[in-house]
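Student: Quick one, fold the following:
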Amino acid sequence: MQDAINKAAALVEAHAYIRSFAGRVVVVKVGGSIMDDPAALEALLQDACFMHSVGMRPVLVHGGGKSITAAMEQAGLEAQFVQGRRYTDDRTLAIAEHVLVNEINAGMVRAIREAGHQAMGLHSLSSCAVFGRRLFLAGEGGRKIDVGFVGEVTSVNGDLLRAVTQAGIIPVIAPIARDPAGGKLNINADSVAGYVAAAVQAEKIVLVSDTHGIRKSADPDDLARHLDRDEIAALVDSGVISEGMLPKVEASLTALEGGVNKAHIIDGRIPHALLLEVYTDAGVGTEIVL
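Tutor: Numbering: from 1, shown residues only. Down below sits the predicted model:
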C-alpha cells in the first residue's frame, strides 16, 4: 500500500511541472558511458518518450566518442587528441560519420519509433540542422593549431527544429555539421546541444552523462545543487571544474546566454534521472542559471 501511496504522491508532484512545461522544448544531450550501455540508453529514451507523451517537446543531441575510438581501432587507426580535441583527418571523419549517423543516431530513432513515437534523425546524411566552420586551436606564440575536420557551431536551423517538434516528432541530432562549402565537420556534442537549445529558445537544456553533476570541491559528496554564472567562473578559476566538465559548463552558458531558462547536468546511470530532474522539486543533479 505504501508503495502505491508514494507513486500517487510522485504523480501529484509531477502534475504541476507537466502543466507548466506543456508545449515547451527541452534539449537533452546524451553522452558518456550511457552510450555504451544499451539498457541505460533505452531507459533514457523511454523517459524522453514519456516527456513527449505529456506534452513536452524533447530534442535529443547525442555524442559517441568511445564508439568512434573503438571503430578506429578496428580499422587500425590510433586516435590522436590535441588539447582534448580528436584530430580528424578524412578517414577519421568517415568513421565518425558512420558511427554517429548510421549506428548511434539510427539506433536511437529506431528505439523511439518502437516505443510508439515519431522520431527524425537530423544529420549530415539527411536534413542537417547544424552548421559550422573549421576550428583552429590556440598554440604558443599566437600560432593556430590545425586539428583537421573539427568544427565549431556557427548557426542552427531553429525553424526546422521548431517545425519538426510542432509536428509531434522528436528530432535526434548527430554532431556532424555542414560547413559553408558543403563539407562535413565533427563538432563536440555538448557544444552542439548548447547552440541548439539557444536556437529553439528551449525551456531547459539537460546534459546527461556519467557524472552526478558539478562538485564544489574534491569531496565526491560535495555536489552543487544550484549554481549561477559567477559561482561557475570561480569554480573554473580554482580548477574544481576542469577537463570533461568544461564543455558541459560552456554549453550550459551558451544556452542560458541565448535565452534558455535553466541548464542541468545529471547522471544518466540513475534510473529515470531525466524525469527526476525535470518533474520533481529536488532534482538529481546540478542546476545552472545566469
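Student: Going by C-alpha atoms from here, please, whenever you check contacts or count neighbours.
Tutor: OK.
Student: Could you tell me which other helices and strands the host helix or strand of Leu44 packs against?
Tutor: Element membership for Leu44, per DSSP states H and E: helix 38-53. When contacts are defined as 3 or more CA pairs under 8 Å, 6 or more residues apart in numbering; DSSP states H and E, helix 38-53 packs onto strand 57-62, helix 106-114, helix 273-279.
Student: and the angle for it with strand 57-62?
Tutor: Going by axes from the mean of the first three to the mean of the last three CA atoms, to 10 degrees, helix 38-53 is angled at 160 degrees with respect to strand 57-62.
Student: can you give me the helices in the stretch 51-200 of the chain?
Tutor: 65-74, 90-97, 106-114, 158-166, 189-199 (DSSP state H, counting those that start in this stretch).
Student: Now that Glu228 has come up, it's in contact with Val289, right?
Tutor: Check again: residue 228 is Asp, not Glu. Yes - counting by CA atoms under 8 Å, Asp228 touches Val289, with 4.9 Å between them.
Student: These two: who's more crowded?
Tutor: Neighbour comparison, Asp228 and Val289: the larger count goes to Val289, with 19 against 12 (by other CA atoms under 10 Å).
Student: List the contacts of the more buried one.
Tutor: Contact analysis of Val289 by CA atoms under 8 Å, 6 or more residues apart in numbering lists His226, Leu227, Asp228, Arg229, Leu256, Asn261, Lys262, Ala263.
Student: per-residue confidence for Gly139?
Tutor: In this model, Gly139 is scored at 83, pLDDT.
Student: Quick check: chain neighbours aside, which residue is closest to it?
Tutor: Spatially, and ignoring its direct neighbours in sequence, Gly139 is nearest to Ile145 (5.9 Å; CA to CA, 6 or more residues apart in numbering).
Student: burial count for the one you found?
Tutor: 14.
Student: Surely it touches Tyr87?
Tutor: No - the criterion here is CA under 8 Å, and Ile145 misses it with Tyr87 at 10.5 Å.
Student: Quick check: which of the helices and strands packed on helix 38-53 is nearest to Leu185?
Tutor: strand 57-62 (15.2 Å; CA to CA).
Student: Going along the chain, name the strands of the protein.
Tutor: Ranges of strands in the chain, per DSSP state E, are 25-30, 57-62, 81-82, 85-86, 118-122, 130-138, 144-156, 169-173, 176-178, 184-186, 204-209, 226-227, 262-267, 286-288.
Student: can you put the ones you listed in TSV and add distance to Glu277?
Tutor: What follows is those, written out as TSV (distance: least, CA to CA, whole Å):
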stretch	distance to Glu277
strand 25-30	12
strand 57-62	14
strand 81-82	33
strand 85-86	30
strand 118-122	23
strand 130-138	27
strand 144-156	26
strand 169-173	20
strand 176-178	28
strand 184-186	29
strand 204-209	9
strand 226-227	12
strand 262-267	8
strand 286-288	9
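Student: Out of those, which is closest to Ala233?
Tutor: strand 226-227 (10.0 Å).
Student: got the contact list for that closest one?
Tutor: With CA under 8 Å, 6+ apart, strand 226-227 has contacts from Thr286, Glu287, Ile288, Val289.
Student: between the residues you listed, which is closest to Ala273?
Tutor: Thr286 (11.9 Å).
Student: and the closest one, what is it in contact with?
Tutor: His212, Gly213, Ile214, Leu223, Ala224, Arg225, His226, Leu227, His264, Ile265, Ile266.
Student: and those residues, which are buried?
Tutor: Listed as buried from the contacts of Thr286 are His212, Gly213, Ile214, Leu223, Ala224, Arg225, Leu227, His264, Ile265, Ile266; burial here means 16 or more other CA atoms under 10 Å.
Student: Hmm, which of the residues you listed is lowest in pLDDT?
Tutor: For those, the least confident entry is His212, with 77.
Student: Skip the chain neighbours and tell me the closest residue to that residue.
Tutor: Per CA to CA, 6+ apart, closest to His212 is Asp267, 4.6 Å.
Student: who are the neighbours in contact with the one you found?
Tutor: Each residue near Asp267 by CA under 8 Å, 6+ apart is listed here: Val208, Ser209, Asp210, Thr211, His212, Gly213, Ala273, Val284, Gly285.
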